[in-house]
Structures are given as C-alpha cells and as structure tokens.
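> build me a model:
(2 chains)
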Amino acid sequence: MDHEFWVVFSKSWGLFYLIAMAVAVVIYAFWPSNRRRFDKAKHSVLEREDEP
Amino acid sequence: MISTLTRTERFLALWISMAVSICGLALAIAGREDPLLIHGLLILLFGLVCSYIVMFGYEEKAPGTERLSLYYDEPIKAGVIFAMIWAVFGMFMGVWVAAQLAWPDLAFDAPWSGLGRLRPTHTTGVIFGFGGNALIATSFHVVQRTSRARLPDQLSSWFVLVGYNMYCLIAVSGYLLGITQSKEYAESEWYADIWLVLVWVTYFVLYIRTLARRKEPHIYVANWYFLAFILVVAILHIVNNLAVPVSLGHAKSYTVWPGVQDAMVQWWYGHNAVAFFLTSGFLGMLYYYLPVRAQRPIFSYRLSILSFWGITFFYMWAGSHHLHYTALPDWVQTLGMTFSIMLLVPSWASAGNALLTLNGAWHRVRDDATLRFMMIAAVFYGLSTFEGSFMAIRPVNSLSHYTDWTIGHVHAGALGWVALITFGSFYTLVPVLWKRRQMYSPALIEWHFWLALAGTLIYVFAMWNSGIIQGLMWRTYTEEDTLAYSFVDSLKAMWPYYVARAFGGLLFLIGAIICLYNILMTIRSPDKAESRDDVPHPADLALAGE
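Reported below is the predicted structural model:
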C-alpha cells in the first residue's frame, strides 16, 4: 500500500469507474419508465398554486 | 420576524444569541493582546444585537397552526435584501481597487486602505456576501416550491442566514485589520471558519429535512444543483481550512498542509469554489427561474441530468490547472488540464439547454429585460466555460497565467453569468415574494440591464487586451536573447485598460444600485397582487402584440 500502488490503482481503475459512472447516468437518464416522471417534473415548476 | 417564531424557537434563538455573545467575550479576553480583541468585541456586539431583537419580540403572539399550510418566506425576503446590500458594498470596493490600479494615490497611504487589504473585501463581498446570500435566499424559495413543502421549522433558516452574514462581517472586517490566512477566497481565520462550518452543516441538514417532507415524488433538478453546492462547499471548506491556531488567544493560524500539497489543496478548493459556489448553485437558479419566467418547461430534462453529473464529477479534478509549470507533479497538471477540457461538454450542455428553452419565446426575450438578463447569463456561461477550458491548456496558460486575462475570464463569469442570472432571478422572485403584480419600475430594469451588459463588455474587453499585451511583452526577446521589456514597461502599457476597467466596473455598480432601489420601491409600493400564485400571472407577463 505504498505511493506507487496508489498511483497505479488510480491511473487504471480511475478510468474504469469514471466510464462506469457515465454509463450508469446515461442509463438512468434514458430508462424508458423514467420518461413520465421527468416530463412531470419539468412541467411541475409551471403549475400555479402557492401553498405547500 | 420574531412573530413568526414559535415560543420554543424564541427561547432557542435567545439562547443561541447569548451563547454567541459569550463566545465573543471569551475571544476578546483571550485575545486582548492581539487583533483578535476587535473580532471578539464584534462577535459580542452581534450576539447582543440579536439577543435584543429576540427579546424585543419575545412576548408577541405566537403563530398559529395555520402557518403550516403556507410557505415560509420571511428569511428569503431578508436574504434578498442582504444580498443586494452586499452587492453594492462589494462592487463599490471592486471599483475602488480598480481605480487604485489606475491612480495609486487613491490608497490614501493608510494601512487598511492599500490594495492588498481592500481586494479580499471586494472578492468576499461579491462572492460570499452577494452570491452567498442570493444562493441561500433562492435555494429556500426553490426547495419549498418544487417540493411543495414548507421549511420544517422557522429557526434553522434564520440561523443559517444571520449566522452566514455574521461570518461575512468577520471575514471582511478582518481583511481591513490585516487578519488573513492568505488563501484566495478562503482568507478568513480559524474562528470564523469554525463558525461557518456550524452554519453550513445546519444549512445542509435543513435542506435535506425540507426535501424529506416533499409531496412531489421526484426531486426537481434545480434541487440537485443546490444540494451539490451545499454539500461540496462544506467538504471544500473543511479540508482547505484545516489549521492550527498559534493559541486560542491569537487570530493567526498555520495550515496543516505542507508545501506543494498546500498549493494543491488550496486550488482544489479554489477551483471547486468556482464550480460549486459560483456555478452549481446558480445553475439551480437557472433551472427554476428561467422556465418560470419564460413560461416554458426546460428544453430537455434528461440533458439537465447528464450535465449535472458531468459538472459534478469533472470539476472535482480540474483545480490543478491553476498550478501549471509549478512544483506540482506533471501528471497531476495533465490530469487537471484534461478534465478542464472535458468540462466543456456538460457546461455547454447546460448553456445550450437554457438557450433552447427560450427557442419559441424570443419575442419575450426581446421585450422582457428580466428574461434578457437570464438569456445573456446563459450566453456568458457558455463563453466563459469555453474560455476556461481553453486557458487550462498548458501552453495557452503559459501566455495567460499571471496576466489580466485571468481577471477578464473571472469577470466574464462573475459579472456576465453569476450576477446577471441573480438579477434575472431576483426580478422574477421579488414580486412573487412580496405579492406584487410586477416590479416597481420596468424601465429601471431596462436601464439596469444595459448598464450591466455595457459594464461587463467594457470590463472584459479591457482585460483581454491588457492580459494578452502583458503576456506577449513578458515573453518578447531581443536578438541578444534578453527580455525586450521590463516589468514597468508592461505596467505603463496597461494604464488605458485599467482606466477602462474601472469605468466598466462603475457602470456595473450603478446598475446594482438601481436594482436595490427598484427592489426597495417594489416592497414599498401599495400595488398588491390579487392572486397568491407562486409564478407570475400570464397577464402580468403579457406583452404588446401577444
């Protein structure tokens, strides 16, 4: 667990977890069943009522 | 204000104010041989004033349970006004230091009024005073509206707002006294830093508690940005300010980070302060107030999610581009440069998303100065993120670093993006908060818009010219391989640009004063709106010809 180890670890696995995270976010954003929820969210700010 | 607190909350508020006063007194006694004395007394006075205000309203009638069916807007109103007062102060200090660079006699030979002490009062005044209060106020508004939930209690929000302003006061007064730990955007000393941690953790907990009470199943994307801002700023602040004071009776402290690690931690903090303080939170504003004002939903919700994760993840690694050609290992510099370039993708995704939202509402942008503020803010966001990615490339940085180009870049972002989106949001928010049909004077908004835009353009163009001339003069060699120009030669060449910069800043300051006046007059105007909508009524937004 010396400095060299961490440099090699971060230079190799850093790449993979960055890509894995990007893929996960893309899957979440484009998952078909999320579409309705996102559409509702983006229109919700335009609703006009002022009570919780 | 006190009348909206419950009995228990008034008791707690009094207790907290007293505790702050006692801490101030203890600091003043422990630091009686040190500049810390003045800060101890300032904290004592601040605590006593708060205690007085709480005691003064202590016996007022307690609010009934009907309050729970309404949003809690009192701290938001105070936050908007604090933000504008800090804006006028911070921008005035900016104009003053800019004028000092052109006319050095304006330092007046006093120890407190030299450039070194005044400059951090400008940066702290505008970033933390103006920007921070604006972020706190708008985040309280957006989280309640998009969650359809009231803030869970009345006291925490006041603690965050008032405590945060006490931090800003300690910080700014300290710089005038010469108290500084010499870390950019983190100059305040250990006791102020500890206080800010308390305030900020309360802010985070309050935000999470409000989200937990939400009636909407999905958390609207603006809240993601605000939450990233709150959480990451807490992490950055704590790590960068780990320091050991000389003693509990001294203002001075020493950082725990040694040498180049200190530089790296500082710029990891510094660049992420730009990312999460000056970008993330303001994108939160953009994703709420822009659709509301334009009366159109955001162009692509999916794109906003993708750019959120891109910005949040990439920015974390970009800080080392501030340390190109230093003792920092080469691979760390390259890492910072690479991530800075990749950042262009999510940044332009956000800017594009904002502009495409306006597609189909361009006639509104033409006629409504408030919406125009937000549109120009998105354009400057796109421009300054492109410029930032470009300047992070090592060979480009060898020309731009240490020159006024950096100052121009920062102000394209700070004036063009951060301040303009805030003004646009405030002009949307203020009539809603105070239940007015519209702002007191649309003509003054128009004036403010053109002053702000002209001021920004003059400022940025002056600094681009000045920076590139400086950079080129510093690297011009004669045939004998000696430097062609001395530093003083380059300084003399800067003079016209320094005058132009001070003038551009002055225009921007005048715009901010007009904005403060317009907001105060809106509050005083008797023109009450009929309905209690949380978005402007279409009739009030309707334009000639629609």
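
> what does the stretch 1-150 of chain B put close to chain A?
B:68-71, B:144-146, B:148-150 (CB under 8 Å from any CB of the partner chain). Every C-beta, even on glycine, is put in place using the N, C-alpha and C of the backbone.

> who's in contact with the spatially most central residue of chain B?
Centrality entry for chain B: nearest residue to the mean C-alpha point is B:Gly131, 2.3 Å, by CA atoms, centre = their mean. If you count contacts by CB atoms under 8 Å, 6 or more residues apart in numbering or on different chains, B:Gly131 has them with B:83, B:277-278, B:281-282, B:418, B:422.

> could you dump these to a markdown table with distance to B:Leu211, secondary structure and neighbour count?
As requested, these are arranged in a markdown table below (distance: CB to CB, whole Å; DSSP: H, G, I helix; E, B strand; the rest coil; neighbours: other CB atoms under 10 Å in any protein chain shown):
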| residue | distance to B:Leu211 | secondary structure | neighbour count |
| --- | --- | --- | --- |
| B:Ala83 | 23 | helix | 24 |
| B:Phe277 | 20 | helix | 22 |
| B:Leu278 | 23 | helix | 20 |
| B:Gly281 | 16 | helix | 27 |
| B:Phe282 | 20 | helix | 27 |
| B:Val418 | 25 | helix | 28 |
| B:Thr422 | 23 | helix | 29 |
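
> list the buried ones in the longest helix belonging to chain A?
In chain A, with assignment by DSSP state H, the single longest helix is helix A:3-30. With burial defined by 16 or more other CB atoms under 10 Å in any protein chain shown, the residues of helix A:3-30 counted as buried are A:25, A:29.

> any idea how far it is from the chain center?
Once both centres are worked out by CA atoms, centre = their mean, to the nearest Å, helix A:3-30 turns out to sit 13 Å from its chain's centre.

> contacts for the next helix or strand after that helix?
Tracing the chain C-terminally past helix A:3-30 and defining elements by DSSP states H and E, one meets helix A:35-44 next. Residues outside helix A:35-44 that contact it (CB under 8 Å, 6+ apart): B:146, B:216-218, B:220-221, B:291, B:297-298, B:301-302, B:305.

> so how far is helix A:35-44 off the chain centroid?
For helix A:35-44, the gap between its own C-alpha mean and the chain's C-alpha mean amounts to 17 Å (CA atoms, centre = their mean).

> next: stretch B:171-181.
Between the centre of stretch B:171-181 and the centre of its chain there are 19 Å (CA atoms, centre = their mean).

> and for stretch B:380-387?
When C-alpha coordinates are averaged (CA atoms, centre = their mean), stretch B:380-387 and its chain have centres 17 Å apart.

> same deal with stretch B:281-288?
Shown here is stretch B:281-288, whose average C-alpha point lies 12 Å from the average C-alpha point of the whole chain (CA atoms, centre = their mean).

> rewinding a little: quick check: of the contacts of helix A:35-44, which lies closest to B:Trp195?
Taking CB to CB as the measure, B:Trp195 lies nearest B:Thr146 of those, at 29.9 Å.

> show me what contacts residue 26?
Looking at chain A here, since you left the chain open. Residues counted as contacts of A:Val26 (CB under 8 Å, 6+ apart) are B:Leu306.

> chain B is the one I meant
B:Gly40.

> any idea how far B:Ser280 is from it?
The spacing between B:Ala26 and B:Ser280, counted by CB to CB, to the nearest Å, is 36 Å.

> with respect to B:Thr428, which of the residues of the stretch 1-150 of chain B next to chain A is nearest?
Nearest to B:Thr428 among the residues of the stretch 1-150 of chain B next to chain A, with distances taken as CB to CB, is B:Arg145, at 11.9 Å.

> need the per-residue pLDDT for residue 15.
Reading this off chain A. As summarised for this prediction, A:Leu15 has a pLDDT of 79.

> actually it's chain B I care about, not the one you picked
What the model reports for B:Trp15 is a pLDDT of 97.

> show me what from chain A comes close to chain B.
With CB under 8 Å from any CB as the criterion, chain A meets chain B at residues A:11, A:18, A:21-22, A:25-26, A:28-30, A:37-52.

> at 7 Å instead, please
Residues of chain A lying close to chain B by CB under 7 Å from any CB of the partner chain are A:21, A:25-26, A:29-30, A:37-38, A:40-46, A:48, A:50-52.

> neighbours of residue 42, how many?
No chain specified, so I'll use chain A. Taking other CB atoms under 10 Å in any protein chain shown as the neighbour definition, A:Lys42 ends up with a count of 23.

> wrong one, chain B
B:Leu42 is flanked by 18 other residues according to other CB under 10 Å.

> that one contacts B:Ala171, doesn't it?
No - under the criterion of CB atoms under 7 Å, B:Leu42 lies out of contact with B:Ala171, with a separation of 11.2 Å.

> show me what contacts residue 30?
No chain was given, so I picked chain A. B:Arg302 (CB atoms under 7 Å, 6 or more residues apart in numbering or on different chains).

> wrong one, chain B
By CB under 7 Å, 6+ apart, B:Ala30 lies in contact with B:248-249.

> tell me how far it lies from chain A.
When CB to the nearest CB, to the nearest Å is the yardstick, B:Ala30 and chain A sit 41 Å from each other.

> and that residue, what pLDDT?
B:Ala30 is assigned a predicted lDDT (pLDDT) of 97.

> likewise the one 5 residues further on?
Taken from the predicted model, the pLDDT recorded for B:Pro35 is 95.

> likewise for B:Asp533?
pLDDT, the model's per-residue confidence, is 56 for B:Asp533.

> just give the closest residue to B:Ser69, not the sequence neighbours.
With CB to CB, 6 or more residues apart in numbering or on different chains as the criterion, B:Ser69 has its nearest non-adjacent residue at 5.8 Å, and that residue is A:Glu51.

> assumed the one you found was part of a strand.
No - residue state for A:Glu51 (DSSP: H, G, I helix; E, B strand; the rest coil) corresponds to coil; a strand is not indicated.

> so which bits of stretch B:145-152 are buried?
Those would be B:145-151, for stretch B:145-152 by 16+ other CB under 10 Å.

> got those residues as a markdown table, with secondary structure columns?
Listed next are those as a markdown table, based on three-state DSSP:
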| residue | secondary structure |
| --- | --- |
| B:Arg145 | helix |
| B:Thr146 | helix |
| B:Ser147 | helix |
| B:Arg148 | coil |
| B:Ala149 | coil |
| B:Arg150 | coil |
| B:Leu151 | coil |
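
> for the chain, where's the lowest mean pLDDT among helices and strands?
If you meant another chain, say so; for now it's chain A. Taking mean pLDDT, DSSP states H and E as the measure, the helix or strand of chain A with the lowest value is helix A:3-30, at a mean of 87.

> try chain B instead
Ranked by mean pLDDT, DSSP H and E, the weakest helix or strand in chain B is helix B:538-541, scoring a mean of 56.
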